[in-house]
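> okay, sequence plus prediction incoming.
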Amino acid sequence: MSDDAPDVAAAVARGVRLFNLGRYMGAHEIWEESWRAADGDDRGFLEALVQLAAGLHLRTRRGGMRGAEHLLSQSLATLEDFRPAHHGVDVDRLVTEFGVYVDWVREVKRPHKLLDARRIPRLRSAPASR
C-alpha cells in the first residue's frame, strides 16, 4: 500500500463500529472518505456501504422513505458481488438481513418510528473460515 492509499480495512472497521451504534452519518463519512481514495473492488464495496449508511440516515433521521428505500436497494444489489465476505464484513448475512429489512420498509409504507430501530440489522464480522 502506498503512503497515500487508504487503509480500507481500518476504515471499514471504524465505520462498522459507528454504524452499529446507529451513527449512520458518521459511518457514511468515514466510508466516503476512504471511497474517494480507493480503487478497484474497494471502490464498489465502499460505495455500497456509503449508500447503506446514507439510506438509513435518510430513513431514521430525515424521514425519507422512497429515497431511503432506493439507496438501500442499490447498496444491496452492489453488495451481491462481494459475497460471502469482504474486508471482514459478513456480506452474506448483511444482504440477507437487510433484504428482509427493505421488504419490511416497503410493506409498512410509513416514516421511521423510534421502535423501528430494533428492526435495523447490525453489520457482523465474517466467520474466520471465510
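Looks like it came in fine. Numbering: from 1, shown residues only.
> list the contacts of Glu69.
Listed by Cβ atoms under 8 Å, 6 or more residues apart in numbering, the contact partners of Glu69 are Gly55, Arg59, Val102, Val105, Arg106. The way it works is simple: take the backbone N, C-alpha and C, and place the C-beta from them, glycine included.
> how about the second one: what's its closest non-neighbour residue?
Right, Arg59. Excluding its sequence neighbours, the residue lying closest to Arg59 (Cβ to Cβ, 6 or more residues apart in numbering) is Ala68, at 3.6 Å.
> mind listing what's buried in the helix or strand where that neighbour lies?
In this assignment (DSSP states H and E), Ala68 forms part of helix 66-79. Under the neighbour-count criterion of 16 or more other Cβ atoms under 10 Å, helix 66-79 has Ala68, Glu69, Leu71, Leu72, Ser73, Gln74, Ser75, Leu76, Thr78, Leu79 buried.
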